[in-house]
Structure formats: C-alpha cells, structure tokens
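Q: Quick one: sequence and predicted model below, then my questions.
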Amino acid sequence: MSYFFLKVNMDLNAIQHNISAAYGDNSLIGESLTLPLKYCFRGYRYTFSSSPENSHLTQRICNVFTKGLSFLTSTVGLAPSLALTAIGMGSKLAHLYGTFDQKVCDHLPWILKIFSRTGDRTVSYLNAKILSEELAIPFCFTPFKGCEMFQFNRIEANRGPNYYRKVVHLKTREQIDALRGADKTASALYLLPFYPHERNVAAETSGSSYIPYTTDWQGHRGRVRELLHVENAELIDIPRDCYSIALHIRDGGRVDDNNTKTLHPLKLPCMSFYTEELRKVLIAKRDAGETNFFIHIFTDAENPSEISAKIIEEIRDVPGVRYRVQYAPREVVTLKNDAGNMHRFQCMIRADSNLSGPIVQGSEVTELDIFPSGFDIVPNNNQILITQVKKVQRALHPGGADQPVLERVRYSKQMEGWLPMRFNRFFHDYYGVFRVASAV
C-alpha cells in the first residue's frame with residue numbers, strides 16, 4: 001500500500017513519520033490517540049531533509065486538524081453511510097500533512113531511550129549534521145535533553161522533524177552516496193540511523209545493526225569543535241607547569257545496573273584499565289623528561305573520593321614523578337562543566353564514550369587519546385576481559401594525520417547481573433562487534 005485515501009502520494013513511511021511527529025501534542029491529535037502512537041512510532045535517529053522550512057502551523061490549522069480527525073474517526077465508526085464524507089475529510093487531513101510542515105516532537109526511541117543518554121544523542125546529531133553538510137541537504141534538528149549546553153542548539157534554525165511526503169531510511173553506503181545527486185526540491189525526509197563515535201567497520205560482522213558508514217571525524221575536526229562549544233562553563237584551573245591528564249571514569253552511578261555494565265564492557269570498563277593506562281602514561285612522560293603532572297577525574301560515580309583514593313593508591317609507587325589528583329564533588333559537578341572542560345587536557349584516558357569521544361575529537365589541546373577498543377569473554381569463570389586499547393597520537397597542526405596504535409592488554413572484571421550468557425553474547429554481536437580474543 002503506497003497511497004493514502006484519495007491516492008495522495010504519501011507512502012507508509014511518511015504516514016508513520018507524520019503520525020509520530022504529531023504525537024505528543026494534545027491540540028493536534030488528542031490524548032486518547034497519542035498514548036498508543038507514542039510507543040509504536042518513535043524512531044532512534046536524527047534527520048536531515050531535502051525540503052526547506054516553510055511556514056509554521058497556526059493554531060487555526062491545529063484546530064481544523066483536530067476537528068477533522070475526530071470527525072473522520074467518528075463517522076467511520078458510527079455512520080457507515082457517511083463514509084464518502086469521511087474519505088473526503090481524510091484527504092484534507094493528508095493535504096494538511098503535506099502543506100503545513102512545522103511540528104516538533106520528541107524524535108527519540110521508545111525502546112532504546114532507557115539506555116541512551118546525552119552522548120548517544122549528541123553523536124547522532126553530529127553524524128547526521130556533518131553528512132547533511134557534505135550532501136548540501138538542509139538539516140532538521142530535534143532538540144533533546146542536554147543539547148542546551150552546546151553551541152549547536154543555538155545555531156540550528158530549522159527545527160523538526162517536519163511533515164513530508166516521503167521518508168527514506170538510509171541503510172547502506174550506496175544510498176548515502178546516491179544522495180549527492182538527489183533532487184533537493186522534493187518533499188523528502190532522510191533518516192540516518194544511530195551509530196557510535198568509535199567504530200572499526202572492517203571488524204564488524206554482517207549481523208551488526210549499524211549501517212556500513214562512518215563519519216570522517218578528523219576531516220571535520222574544526223566543525224565538531226565549533227558545534228560542541230560550551231558557553232559559560234566553569235573552567236578548571238589547570239597549572240601551566242604540569243602535564244595535564246584527564247580521566248573520564250564511567251562507573252555507572254545511580255543509573256547503570258550490573259547487567260548494563262556487562263553488556264557494555266567498553267563503555268563501563270574495569271578500574272584496572274584506568275589505573276594501568278595512567279601508570280603507563282606517567283612512566284612514558286617521565287622518561288621523556290616530564291616530572292610534574294596534574295590529574296583531573298571526570299566521573300559519574302556516587303563517591304568520587306573513593307575513585308580518587310584508588311587512583312592515588314595505584315600510582316603511589318611510580319618513581320620520579322610529582323602529581324596532584326583532583327575531582328569535583330558529586331553535589332557540585334554538572335554535565336555542562338564536564339563537557340566544557342574535557343577538551344582542555346593534553347592527555348585523555350577515557351571509556352568508549354559518545355560524549356567525551358567527540359569532545360576530544362574537536363580538541364585543539366589533547367595530544368593523546370586512550371580508550372578501550374576490544375574485549376573478550378572467558379565463559380568458564382564469567383569474566384570480561386579488556387583485550388585491546390587504542391592510543392591515538394593526535395595531529396594538532398593543520399594537515400597532519402592522527403597516529404593510532406592498538407595495544408594488546410588484559411584487564412579483567414567479573415560478569416554480573418541476571419541476564420544469561422547467551423543473551424549477553426547476542427547483544428555484543430548485534431551492537432557492534434568489538435570481540436578481540438585474548439592473547440594470554
């Protein structure tokens with residue numbers, strides 16, 4: 001079925017999109033219809049469109065739409081003899097979809113929303129934004145929780161998603177390449193599915209859920225820096241006579257349970273990853289002549305002081321170095337201030353995060369970026385191993401090329417949670433495949 005009522009040229013994807021765009025506004029559809037639609041038609045993606053922004057919906061149009069939809073449903077259900085009138089009204093409703101476009105909804109997932117956070121939504125925005133600029137197709141921005149701290153929230157004027165006659169879900173590299181010659185005047189909305197910041201497309205299996213396309217982050221470093229600028233953040237006082245190191249330690253805090261920590265071993269790595277990689281940096285920089293270090297901890301842990309104590313205990317025996325470890329107390333730390341400072345350190349040791357990853361990508365200061373990039377499972381004793389770490393020596397001068405190095409390691413933690421091993425394996429394979437067999 002590709003026609004709606006009087007063969008209005010609107011496919012089912014467009015109908016689904018327009019309904020999902022309309023959901024959540026009681027003046028447009030009504031509470032009784034929004035509840036089931038809320039859970040059926042949400043999508044986890046950001047959008048860009050070939051149709052420029054037209055006019056805003058007026059209250060009169062909203063009223064006409066509400067009355068028209070109510071009349072349509074009541075006449076079809078109660079008076080079959082008025083079916084022709086109902087069909088006529090339906091065609092007018094479809095016309096409203098195609099003509100009056102500006103209706104903003106919370107275009108975020110119903111099933112993945114409970115797992116995704118500001119970082120996932122930020123990297124979704126960046127992926128679609130950069131691609132839309134490469135393809136010269138206008139971008140439709142859907143605000144989300146946390147975006148208000150970034151510069152892109154202030155510069156995006158075309159807010160959507162809007163109403164369109166055609167909705168295209170981009171699933172292949174060929175589809176994306178074909179858009180370079182697309183008709184820029186057609187009423188079409190292109191949806192780019194989520195994929196994370198750090199990927200090794202060549203290592204992913206054919207069963208991976210992500211599209212076989214990734215963003216050229218290094219080629220758009222300046223643009224990323226501009227979009228992720230944070231105004232009015234409280235800047236950390238970083239001593240100039242010290243080599244500065246930031247640790248982005250994802251502990252899970254009050255949000256992540258043991259199942260989540262098992263399902264996302266790269267996003268929530270064991271503590272030994274942070275402490276051992278920090279030791280390596282201290283020793284390498286000491287051997288290169290650095291002796292003074294300033295270490296700041298960004299963390300979501302309930303008790304940052306315990307994290308700080310563990311760090312100090314593990315590096316206490318490193319000879320020939322002087323260091324100061326600092327963190328923000330839980331009661332005063334904010335995501336805005338974290339995002340406004342992460343790019344200011346010479347070295348970042350971090351989890352595989354969709355927040356700190358893009359921020360460091362746009363940094364003009366960070367010369368060394370360290371994060372876990374591979375894991376394996378030891379089923380006999382239910383252990384997860386961080387088996388590979390990626391260390392990127394970043395080119396801070398224009399025209400330079402980043403120098404990534406993969407290092408084999410073995411940092412272990414117990415698999416926890418009540419989910420069975422079979423489900424854990426399926427999840428790891430479906431969402432990204434970073435399995436790297438242990439060398440030990």
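A: Received it, and whenever you're ready, just let me know what you need.
Q: Which residue is the nearest non-sequential neighbour of the residue nearest the centre of the chain?
A: The chain has Asp120 as the residue nearest its centroid, 1.9 Å off, counting by CA atoms, centre = their mean. With sequence-adjacent residues excluded and distances taken as CB to CB, 6 or more residues apart in numbering, Asp120 is closest to Asn354, at 5.1 Å. Where you see a C-beta, it was placed from the backbone N, CA and C, and this is true even at glycine.
Q: isn't there a helix covering the residue nearest to the centre of the chain?
A: Yes: under DSSP: H, G, I helix; E, B strand; the rest coil, Asp120 falls within a helix.
Q: Would you confirm that it contacts Tyr195?
A: No: Asp120 sits out of contact with Tyr195 when judged by CB atoms under 8 Å, with a separation of 10.2 Å.
Q: Let me see the ranges of the helices in the stretch 151-300 of the chain.
A: Along the stretch 151-300 of the chain, counting by DSSP state H, counting those that start in this stretch, helices occupy 152-155, 173-178, 221-227, 258-263, 271-287.
Q: Break the chain into its domains for me.
A: Segmentation of the chain into domains, based on automatic domain parsing, reads 1-194, 232-370+396-403.
Q: quick revisit: looking at the helices of the stretch 151-300 of the chain, which is closest to Gly400?
A: Nearest of the helices of the stretch 151-300 of the chain to Gly400, taken as CB to CB: helix 221-227 at 10.5 Å.
Q: Report the buried residues of stretch 137-155.
A: For stretch 137-155, the neighbour count (16 or more other CB atoms under 10 Å) marks 137-142, 144, 146-147, 149-150, 152 as buried.
Q: between those, which is closest to Leu170?
A: Ile137 (11.3 Å).
Q: mind pulling up the phi and psi values for that closest one?
A: phi -120, psi 130 (degrees, to the nearest 10).
Q: That one contacts Ala186, correct?
A: No: Ile137 lies out of contact with Ala186 (CB under 8 Å); the separation is 10.4 Å.
Q: Out of the buried residues of stretch 137-155, list just those in strands.
A: Taking DSSP state E as the definition of strands, the buried residues of stretch 137-155 contribute 139-140.
Q: I'd like the buried residues of stretch 137-155 as CSV, with distance to Asp251 and pLDDT appended.
A: What follows is the buried residues of stretch 137-155, written out as CSV (distance: CB to CB, whole Å; pLDDT from 0 to 100):
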residue, distance to Asp251, pLDDT
Ile137, 40, 87
Pro138, 40, 86
Phe139, 35, 87
Cys140, 36, 84
Phe141, 32, 85
Thr142, 30, 81
Phe144, 24, 82
Gly146, 19, 88
Cys147, 24, 91
Met149, 22, 94
Phe150, 24, 96
Phe152, 28, 95
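Q: Find the nearest non-adjacent residue to Lys145, please.
A: Thr118 is the one closest to Lys145 (CB to CB, 6+ apart), at 6.8 Å.
Q: Would you mind measuring from that neighbour to Val360?
A: 16 Å (CB to CB, to the nearest Å).
Q: do Val409 as well
A: 20 Å.
Q: The two: which has the busier surroundings?
A: Val360 (26 against 21; other CB atoms under 10 Å).
Q: if I pick the more buried one, what's in contact with it?
A: Shown in contact with Val360 (CB atoms under 8 Å, 6 or more residues apart in numbering): 342-343, 348, 350, 366, 369.
Q: looking only at pLDDT, what's the mean for the helix or strand containing it?
A: For Val360, the enclosing helix or strand under DSSP states H and E is helix 356-361. Averaging pLDDT along helix 356-361 gives 96.
Q: try stretch 267-279
A: The average pLDDT within stretch 267-279 is 96.
Q: got it, and stretch 391-404?
A: On average, stretch 391-404 scores 88.
Q: Please enumerate residues in contact with it?
A: By CB under 8 Å, 6+ apart, the list of residues contacting stretch 391-404 reads 218, 363-370, 390, 405-407.
Q: which pair in the buried residues of stretch 137-155 spans the largest distance?
A: Farthest-apart pair in the buried residues of stretch 137-155 is Ile137 and Met149; separation 26.5 Å (CB to CB).
Q: show me the contacts for Arg223.
A: 130, 133.
Q: And the contacts of Val360, which of them are buried?
A: Judged by 16+ other CB under 10 Å, buried ones among the contacts of Val360: 342-343, 348, 350, 366, 369.
Q: Tyr323 is in contact with Phe293, correct?
A: Yes: here Phe293 reaches Tyr323: they are 4.1 Å apart, a contact under CB under 8 Å.
Q: the more surrounded of these two?
A: Neighbour count, other CB under 10 Å: between Phe293 and Tyr323, Phe293 has more, with 24 against 19.
Q: so what's that one up against?
A: Contacts of Phe293 by CB under 8 Å, 6+ apart are 242-245, 282, 285, 321-324.
Q: And Glu314, by the same measure?
A: Here Glu314 is in contact with 275-276, 278-279 (criterion: CB under 8 Å, 6+ apart).
Q: the inter-axis angle of the strand or helix carrying it versus helix 271-287?
A: Here Glu314 sits within helix 304-315, counting by DSSP H and E. Inter-element angle recorded for helix 304-315 and helix 271-287: 50 degrees (by axes from the mean of the first three to the mean of the last three CA atoms, to 10 degrees).
Q: Let me know the next secondary structure element after helix 304-315.
A: strand 322-327.
Q: And the contacts of that following strand?
A: Strand 322-327 is contacted by residues 236, 239, 242, 282, 291-299, 304-305, 307-308, 311-312, 315 when judged by CB under 8 Å, 6+ apart.
Q: Show the buried residues in these.
A: Looking at these with 16+ other CB under 10 Å, the buried ones turn out to be 236, 242, 282, 293-299, 304, 307-308, 311, 315.
Q: picking up where we left off before, make JSON lines from the buried residues of stretch 137-155 and add distance to Asn158 to it.
A: Output for these, formatted as JSON lines (distance: CB to CB, whole Å):
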{"residue": "Ile137", "distance to Asn158": "11"}
{"residue": "Pro138", "distance to Asn158": "6"}
{"residue": "Phe139", "distance to Asn158": "6"}
{"residue": "Cys140", "distance to Asn158": "6"}
{"residue": "Phe141", "distance to Asn158": "6"}
{"residue": "Thr142", "distance to Asn158": "11"}
{"residue": "Phe144", "distance to Asn158": "16"}
{"residue": "Gly146", "distance to Asn158": "20"}
{"residue": "Cys147", "distance to Asn158": "15"}
{"residue": "Met149", "distance to Asn158": "20"}
{"residue": "Phe150", "distance to Asn158": "17"}
{"residue": "Phe152", "distance to Asn158": "12"}
